[in-house]
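Novice: I'd like to go over a predicted model; first the sequence, then the structure.
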Amino acid sequence: LLMSEEEKHGIAPGEDKENIVLSLAKSTPEDVKETSGLKLILRDEFKLEETHESSLLLTEVLAKLRQIIKDWVYEVALKKKNPPEEAAKAGGELYTSGSYRLGVHGSSSDIDALCVVPRFVDRKEHFFGDLYESLKKNSDITDLRGIEEAHVPLIKMKYLGVDIDLLFARVRYQYVDENLKTLQDDLVLKDCDEQSINSLNACRNNDLIIGLVPNQENFKTTLKCIKVWAKRRDLYCNKIGYLGGISWAILVAKICQLYPFLAPNRLLEKFFTAFYQWKWKFPVLLCEIREPKGLTLTKKNWSPKDCDLDMQHIMPIITPAFPCVNSTFNVSKTTKKILLDELHRASRITKKINAHKPKYTWMSLFKKYDFFKEFYHYFRIDALSQKPDDHLKWEGFVESKLRMLIQELESKEQDLCKLRPYTKPFNLTDPDYKYCTTFFFGFKFQDPIKLQKQPNYNQEYIVDLREPIFQFCYKVSKMSYRADITTTNIRLTHVTRDKLPNEVFENGIRPYYPTKRHIPPEGIYAPEHSVKAKYEQSLEAIIKDKCAVSYTHLRAHETLRYLVCRLLLEKK
């Protein structure tokens, strides 16, 4: 298949190529000045500049954690009947990845870390067993939890107040010491299981990204801006179907490759324009997908021609390290549309900022998305537990499966409903359970005036969310690991904005949101009171003993100009 240069970069024929094709254009002195102002905003408003105190703290935490890893590997070696002198050589090494390794962390950033251990160390027995118990006894460590069922298994903790995600990789070597300075040799993956390959590639991808950008300083400044924007617009969460840190980093690196001499203020404009217009049947690639000689792995490179699952990916962003994978496999039709809408919004704003239009500043770009103002109707998903250890595992498991709810909901009348998941969980109180972590999805129905203009317009539209909600709860129930079925639960409830708990609002203070009311033209009946009354009922899907005891049929139909919804509580 022969592709034009534009098509290789995802640009559809006939699009506005002026803003997105390869260019060697250079920045002007005015761009340099604008970028200086942008850096001040990152430093002063968002604290994205490491302080001396935070640098010392992170260095101390990493040094202590590295020593814990070495001591732990030594103990495992002795347990395996190795002589003390051989056990002392076994080593074990700690690497960083993510924002810290890319150099875009701030004073309050968390750390992604990876422990690389010799071949005799086992993930389940030693990492989630011996090491976990050792960390549990450390008074400097809090909020410890092991997540064994994750795509990349890890231990989460707070060490001296610093959030740490610790990954595990076992390599084929008998000794792992300071001589293993680089992980870039593909042979380090030989004889590794798939989970170890995924963990090693977290570091390998970061190093390759840094090496593939033409100007590291411009890359880091631009990536900091994108991370701030994505978090402020509630788009920074791989689990739920948005983009994670590695995906945003690859996109920024791609723009830096396409425009190697532009300053960050211009790179931001190109970034939003390019990926809003990107022709997503083509993946975003930083380098050629390659197969190293002399190394065969069970885990293969991303290849839609050879793998049906890869062909189903709708927003492919491919990691550079072998084996190359799609970092956005969780993206759904719903979250892709949200991402493209936000990219479009940001594209318009950055163009106006760089054109010095009045009332547009960089803070306009970074304006926080007001999720609880945007919607009036919400799905509230509660992960409930009676025991603290069970809850840490249960809430993480439920969060990792929320994308299944999105897929279930968008399979039913997705054109009639607008759905948006919120990435931030809340710790709330519950009368029946000691621990409750709550997630929210906002949803609204299509404007009936727009429905009338559609060619296939009908007098009645039905939105039945009963089955997708039941299917989500049933699947989570069947997939879940529960030590005691009486101590954990999941509850899905419909709430309106006026029934939201105060804890979801900033500082616990509920703002005033005026309710928009439609004024019907003379002679047309709009039964608003009945809509309100019927929405006061709860939409629940409670899973107990792996079977649904109740759920709701949400029915919406068009009456003349107004969409009337009613909830019918039914038993299964």
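Specialist: It's in.
Novice: Check which residues of the top strand by length along the chain are buried.
Specialist: Longest strand in the chain by number of residues, with DSSP state E as the criterion: strand 435-445. Buried residues in strand 435-445, counted by 16 or more other Cβ atoms under 10 Å: 435, 436, 437, 438, 439, 440, 441, 442, 443, 445. All C-beta atoms are positioned from the backbone trio N, CA, C, and that covers glycine.
Novice: same question, stretch 325-335
Specialist: In stretch 325-335, the ones that count as buried by 16+ other Cβ under 10 Å are 325, 326, 327, 328, 329, 330, 331, 332, 334, 335.
Novice: Now do the strands in the stretch 251-400 of the chain.
Specialist: Ranges of strands in the stretch 251-400 of the chain, per DSSP state E, counting those that start in this stretch, are 377-385.
Novice: typed the wrong thing, it's the stretch 1-150 of the chain
Specialist: 93-97, 111-117, 141-147.
Novice: Share the number of residues neighbouring residue 72, please.
Specialist: Applying other Cβ atoms under 10 Å, we find 20 residues neighbouring residue 72.
Novice: What of residue 66?
Specialist: Counted with other Cβ under 10 Å, the burial measure for residue 66 works out to 16 neighbours.
Novice: got a list of what it touches?
Specialist: Listed by Cβ atoms under 8 Å, 6 or more residues apart in numbering, the contact set of residue 66 reads 93, 94.
Novice: for residue 237, same thing?
Specialist: By Cβ under 8 Å, 6+ apart, the contact set of residue 237 is 244, 423.
Novice: Pass me the low-pLDDT residue ranges in the stretch 1-150 of the chain, would you?
Specialist: Counting by pLDDT under 70, the low-confidence segments of the stretch 1-150 of the chain come to 1-21.
Novice: can you map out the helices along it?
Specialist: Secondary structure of the stretch 1-150 of the chain (DSSP state H, counting those that start in this stretch): helices at 5-8, 29-44, 52-79, 84-89, 98-102, 132-136.
Novice: which one of these has the most crowded surroundings?
Specialist: Scoring these by mean neighbour count under mean count of other Cβ atoms under 10 Å gives helix 98-102 as the most buried, with a mean of 21.
Novice: can you give me how far that helix is from the chain middle?
Specialist: 16 Å (Cα atoms, centre = their mean, to the nearest Å).
Novice: Extract the CA atoms of that helix and return them as CSV.
Specialist: In CSV, the C-alpha atoms belonging to helix 98-102 read as follows (Å, rounded to 0.1, in the frame of the first residue of the first chain):
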residue,chain,number,x,y,z
GLY,A,98,7.0,7.9,33.7
SER,A,99,7.1,11.7,34.4
TYR,A,100,10.1,11.4,36.7
ARG,A,101,12.2,9.6,34.0
LEU,A,102,11.0,12.0,31.3
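Novice: if I pick the residue nearest to residue 112 when sequence neighbours are not counted, what's in contact with it?
Specialist: Ranked by Cβ to Cβ, 6 or more residues apart in numbering and with sequence neighbours excluded, the top spatial neighbour of residue 112 is residue 98, at 3.4 Å. Listed by Cβ under 8 Å, 6+ apart, the contact set of residue 98 reads 105, 111, 112, 165, 202, 206, 245, 246.
Novice: what helix or strand is the fifth one on?
Specialist: If I follow you right, that is residue 202. When elements are assigned from DSSP states H and E, residue 202 belongs to helix 194-212.
Novice: could you say what helices and strands that helix packs with?
Specialist: With contacts defined as 3 or more Cβ pairs under 8 Å, 6 or more residues apart in numbering; DSSP states H and E, helix 194-212 has these neighbours: strand 93-97, helix 98-102, strand 111-117, strand 162-170, helix 245-258.
Novice: Could you rerun that using 6 Å?
Specialist: Contact partners of helix 194-212 among helices and strands, from 3 or more Cβ pairs under 6 Å, 6 or more residues apart in numbering; DSSP states H and E: strand 93-97, strand 162-170.
Novice: Other residues contacting the shortest one?
Specialist: For strand 93-97, the external contacting residues (Cβ atoms under 6 Å, 6 or more residues apart in numbering) are 66, 69, 112, 113, 114, 115, 116, 176, 180, 202, 203, 206.
Novice: which among the residues you listed end up buried?
Specialist: A residue is treated as buried here by neighbour count (16+ other Cβ under 10 Å); on that basis the buried members of the contacts of strand 93-97 are 66, 69, 112, 113, 114, 115, 116, 176, 180, 202, 203, 206.
Novice: from the buried residues of stretch 325-335, which two are the most distant?
Specialist: Of all pairs drawn from the buried residues of stretch 325-335, the one with the largest separation by Cβ to Cβ is 325 and 334; the distance is 22.3 Å.
Novice: Using TSV, lay out the helices of the stretch 1-150 of the chain together with distance to residue 150.
Specialist: Below are the helices of the stretch 1-150 of the chain laid out as TSV (distance: least, Cβ to Cβ, whole Å):
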stretch	distance to residue 150
helix 5-8	34
helix 29-44	31
helix 52-79	20
helix 84-89	30
helix 98-102	15
helix 132-136	15
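Novice: out of those helices, nearest to residue 212?
Specialist: Of all the helices of the stretch 1-150 of the chain, the one in closest proximity to residue 212, counting by Cβ to Cβ, is helix 98-102 (12.2 Å).
Novice: Apart from its neighbours in sequence, what residue is nearest residue 444?
Specialist: Counting by Cβ to Cβ, 6+ apart, residue 418 is the residue found nearest to residue 444 once chain neighbours are left out, at 5.0 Å.
Novice: Secondary structure class of that neighbour, three-state.
Specialist: For residue 418, the reduced secondary structure class is strand; criterion used: DSSP: H, G, I helix; E, B strand; the rest coil.
Novice: just to revisit the earlier point, of all the buried ones among the contacts of strand 93-97, which comes closest to residue 222?
Specialist: Each of those was checked against residue 222 using Cβ to Cβ; the closest is residue 206, at 16.0 Å.
Novice: Quick check, the closest one in contact with residue 100.
Specialist: No - with contacts counted by Cβ atoms under 6 Å, residue 206 stays clear of residue 100, the gap being 9.2 Å.
Novice: quick one: contacts of stretch 119-138?
Specialist: When contacts are defined by Cβ under 6 Å, 6+ apart, stretch 119-138 is touched by residues 72, 76, 80, 141, 144, 146, 148, 168, 170, 172.
Novice: Hmm, I typed the wrong one, I wanted stretch 184-204.
Specialist: For stretch 184-204, with Cβ under 6 Å, 6+ apart as the criterion, the contacting residues are 95, 97, 114, 152-153, 167, 169-170, 172, 183, 292, 295, 299, 321-322.
Novice: Tell me the buried residues in that stretch?
Specialist: Residues of stretch 184-204 classed as buried by neighbour count (16+ other Cβ under 10 Å): 186, 188-189, 192, 195-204.
Novice: What of stretch 212-226?
Specialist: Neighbour counts using 16+ other Cβ under 10 Å place 212, 213, 215, 218, 219, 220, 221, 222, 223, 224, 225, 226 of stretch 212-226 among the buried residues.
Novice: Mind exporting the C-alpha coordinates of that stretch to PDB?
Specialist: Taking C-alpha atoms only, stretch 212-226 is exported to PDB below (Å, rounded to 0.1, in the frame of the first residue of the first chain):
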ATOM      1  CA  LEU A 212      13.700  10.400  19.300                       C
ATOM      2  CA  VAL A 213      12.800  14.100  19.900                       C
ATOM      3  CA  PRO A 214      15.000  16.700  18.200                       C
ATOM      4  CA  ASN A 215      14.900  19.300  21.100                       C
ATOM      5  CA  GLN A 216      14.500  17.800  24.600                       C
ATOM      6  CA  GLU A 217      13.900  21.200  26.300                       C
ATOM      7  CA  ASN A 218      11.000  22.100  23.900                       C
ATOM      8  CA  PHE A 219       9.600  18.600  24.300                       C
ATOM      9  CA  LYS A 220       9.600  18.800  28.100                       C
ATOM     10  CA  THR A 221       8.000  22.200  28.200                       C
ATOM     11  CA  THR A 222       5.300  21.200  25.700                       C
ATOM     12  CA  LEU A 223       4.600  17.900  27.500                       C
ATOM     13  CA  LYS A 224       4.200  19.700  30.900                       C
ATOM     14  CA  CYS A 225       1.600  21.900  29.300                       C
ATOM     15  CA  ILE A 226      -0.200  19.000  27.800                       C
END
